[in-house]
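**Q** What follows is a predicted protein model with its sequence.
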Amino acid sequence: MSNSYTKNHISDVIRSVNSNNLPSIRSNTTAPVIHSSWKRCFNDYSIDPSSKSKPRIITGSALKECQEPLEEFLFIAKSGMKSLYEKIATAGYVILLGDANGVTIDYMGNPDTEKEHRDAGLYLGSLWAESVEGTCGVGTCIEEKRPITIHRDEHFRARHIGLSCSTTPLFFPDGTLLGVLDISQLHPPQSRDSQLLALQMLSYSARLIENAYFMRLYKDCWIVRFSCMKAFVEVVAESFLAVSNEGYVIAANQSALTQLQGPQLPSPIGRHVSAVFDLRMEELVEHATHKTTTILPIRFLDTGYQYFATFRAPEKKSPLSPPKKETRSKPSPHFTLDYLAGTDPRMAYNVNCAKRLMNRNISILLIGETGTGKEVFARAIHEASDRASKPFVALNCASIPESLIESELFGYKQGAFTGANSKGMRGKILQSSGGTLFLDEIGDMPFNLQTRLLRVLAEREVQPLGSESVIKVDLNIICATLRNLEELVREKQFREDLYYRLNGITIKLPPLRERTDRALVIENALAAEAEPGVETGLAPEALEILAAYDWPGNIRQLRNALRFSIAISEGETIHARDLPPDLLKAPTSGIALPAPAPSPEPLPAQDPASLLPDLPPQDAQEREKLLRTLKKNKWNITDASRELCVSRSTLYRKMSKYHLIPPNEL
Ligand SMILES: Nc1ncnc2c1ncn2[C@@H]1O[C@H](COP(=O)(O)OP(=O)(O)OP(=O)(O)O)[C@@H](O)[C@H]1O
């Protein structure tokens, strides 16, 4: 690159950033994106556009740590990369697969030009975060979360203006960023248009990889593949639903969500497949099991649109019960890591991380909202680890008085203080020796005890209160917290050195409302709450309400709600009317709602309207309209909600608010 070209680029960047003018030579559509990125690089990341430093390549062991949790995905992505490479290799492209932080976790390129590519940073282990390399394909795609081409002098750093990089994001089925797929050219043509076709091919390959990964993640489920074009369904059906043995949709890829979800259309996730399409579960099973080649026309019930579908059976027999119309309870679960993963991609990632790190002497910090299952996750890690035959000991630092934490944790010698047990006590640390110590709410650990704990961790010995001698301990700690430990460190309430000691890896458990496998978690929680030997099931409408609810108290609140519903339901099936009333109203805050006590009162047999206080005119009108529509549609909730243009769960909420109860349920 000539000196004057480089100099012009640097002054162009600085002028554009300072004057707030869009870069002049770029296409109209990309100019604002490039301009925002340049401003971030200059103002937020303080990157010097003239710096000559080479892109950073991380060490082999750091790379391994980035690759390990995504091993399965890497395996799937490899074949997609290979087939793309065959099409573009002659044009001198290399392919980079980046993780969500911009680390290149896989690479494909011509071995003859490897050295040149490596120098340019187009290589395994290179770090292309925007905050490090400035505007670039990978980094800016991660920021923008959409396909992008960064061509030549659209790069921020002058060092990269010889490159052309086209990049597209890859998403988990729940829409969170999984990584990016990039193709880069070291000596691209001048024209930006030369990259248009490459970007199209790249996006197509990315969708294939995402879909193959979807099939892998949900290999234990029934799959419905559908397309609006009959001729395409077997070849390139892009839309997939994963369906549980009970017939509930537990995941959908982005293309399926685009077809089936909208402002007036509820998400298909959590609904019974027969409430989404005119398709009975028995039919799905029949076609999938007997591998019939028939392409079945199916109608999307919410809009009446016709699609064409093929089906796939689970790869291996799922541990769940055979298909039936309602969810049925199973024996009480044992919370193993695989069980807790369910079929949620983020949980699968968490479990994968935990399995890889559990026997490596690395402290694990679990974070997540209340009731997301941090303690059961910690116990499952222990049970899967080499320490399983030794004790798992838990201490909740928030639930016992500060004055007792010290003796509980470190133990005491007999007669150490007034009121102490006369025989003394081995503290939790010693009790857990060889096994696992789970410290819940670690953020509540008093500051002076943090120092003592740090010493035990460093010296691997403990001195009980009142004792002069020390005892060796084989300590392995898993901590959990709801609080923001980094903030506590900044406020000097938590020791920074202890924070780094305990936080070898952070695992974040997703809240229930964000899990893509809500229907399965609900089903499992029901199994855990149901009386042994009693076949308790959920009616589809009840499951739909449970799946749509916000769950501020997460799985704990869910279990409380199910316990309540089991207690008041009359038969073995829980209906919408059996659910706690709070669930039928939108939750008000992020605070856990305790389940209300079971009501001994049976539901009213008289006209429910008579139980309502006088309604304000607007509400009275709304009630009237709902009642009219419900009656007109013979109390069919799907039809009525369609006519009213609201989701089924909204209609249920409103019915509860106005005490509108179907005649057969009075
Ligand atoms: N996957 C699951 N299926 C069924 N029940 C579960 C599941 N995960 C957790 N639970 C149950 O949910 C409740 C809350 O779990 P747990 O105590 O582990 O959550 P937590 O995140 O540690 O809560 P807190 O932050 O309030 O201490 C427990 O009763 C647990 O048995």
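**A** Perfect, I can see it now.
**Q** how close does the closest residue to Thr536 other than its chain neighbours get to Gly270?
**A** Spatially, and ignoring its direct neighbours in sequence, Thr536 is nearest to Ala530 (3.9 Å; Cβ to Cβ, 6 or more residues apart in numbering). Yep, even glycine has a C-beta here, placed from its N, CA and C like the rest. Counting by Cβ to Cβ, to the nearest Å, the gap between Ala530 and Gly270 amounts to 20 Å.
**Q** Those two: which is more packed in?
**A** Gly270 (25 against 22; other Cβ atoms under 10 Å).
**Q** Now do the contacts for the more buried one.
**A** Going by Cβ atoms under 8 Å, 6 or more residues apart in numbering, Gly270 touches 248-250, 518-519, 543-544, 546-548.
**Q** Show me those that map onto strands.
**A** Cross-referencing those against strands under DSSP state E gives 249-250.
**Q** So which of the contacts of Gly270 is the closest to Asn361?
**A** Using Cβ to Cβ, Arg518 is the member of those that lies nearest Asn361, at 35.2 Å.
**Q** my guess is the closest one meets Asn524, correct?
**A** No - taking contact to mean Cβ atoms under 8 Å, the distance of 10.7 Å between Arg518 and Asn524 leaves them out of contact.
**Q** would JSON lines of the contacts of Gly270 with distance to the ligand and pLDDT be doable?
**A** What follows is those, written out as JSON lines (distance: Cβ to the nearest ligand atom, whole Å; pLDDT from 0 to 100):
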{"residue": "Tyr248", "distance to the ligand": "16", "pLDDT": "85"}
{"residue": "Val249", "distance to the ligand": "19", "pLDDT": "85"}
{"residue": "Ile250", "distance to the ligand": "14", "pLDDT": "82"}
{"residue": "Arg518", "distance to the ligand": "11", "pLDDT": "88"}
{"residue": "Ala519", "distance to the ligand": "12", "pLDDT": "87"}
{"residue": "Leu543", "distance to the ligand": "15", "pLDDT": "88"}
{"residue": "Glu544", "distance to the ligand": "19", "pLDDT": "85"}
{"residue": "Leu546", "distance to the ligand": "13", "pLDDT": "91"}
{"residue": "Ala547", "distance to the ligand": "15", "pLDDT": "88"}
{"residue": "Ala548", "distance to the ligand": "19", "pLDDT": "86"}
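**Q** With neighbour count added, can I get the contacts of Gly270 in JSON lines?
**A** Formatted as JSON lines, the entries for the contacts of Gly270 read as follows, by neighbours: other Cβ atoms under 10 Å:
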{"residue": "Tyr248", "neighbour count": "30"}
{"residue": "Val249", "neighbour count": "26"}
{"residue": "Ile250", "neighbour count": "28"}
{"residue": "Arg518", "neighbour count": "24"}
{"residue": "Ala519", "neighbour count": "29"}
{"residue": "Leu543", "neighbour count": "26"}
{"residue": "Glu544", "neighbour count": "24"}
{"residue": "Leu546", "neighbour count": "28"}
{"residue": "Ala547", "neighbour count": "24"}
{"residue": "Ala548", "neighbour count": "21"}
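**Q** Among the contacts of Gly270, which one lies nearest to Asp220?
**A** Comparing the contacts of Gly270 against Asp220 with Cβ to Cβ places Ile250 closest, at 10.2 Å.
**Q** need the contact list for that closest one.
**A** Contact criterion Cβ under 8 Å, 6+ apart gives 218, 221, 242-244, 269-270, 343, 516-520 as the residues in contact with Ile250.
**Q** re the thing from before, adding distance to Ala640, write the contacts of Gly270 out as TSV.
**A** TSV is the format used below for the contacts of Gly270 (distance: Cβ to Cβ, whole Å):
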residue	distance to Ala640
Tyr248	22
Val249	21
Ile250	26
Arg518	24
Ala519	23
Leu543	19
Glu544	14
Leu546	20
Ala547	20
Ala548	17
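**Q** And the ligand, is the host helix or strand of Glu383 touching that?
**A** Secondary structure here is read from DSSP states H and E; on that basis Glu383 sits in helix 374-384. Yes - using Cβ under 6 Å from any ligand atom, helix 374-384 reaches the ligand at 374-376.
**Q** what's the next secondary structure element after whichever helix in the chain runs longest?
**A** Taking DSSP state H as the criterion, the chain has its longest helix at helix 196-217. Stepping forward along the backbone from helix 196-217, the first helix or strand reached (DSSP H and E) is strand 222-227.
**Q** which helices and strands does that following strand pack with?
**A** For strand 222-227, the contact count by 3 or more Cβ pairs under 8 Å, 6 or more residues apart in numbering; DSSP states H and E identifies helix 233-236, strand 239-243, helix 281-289, strand 306-312 as packing neighbours.
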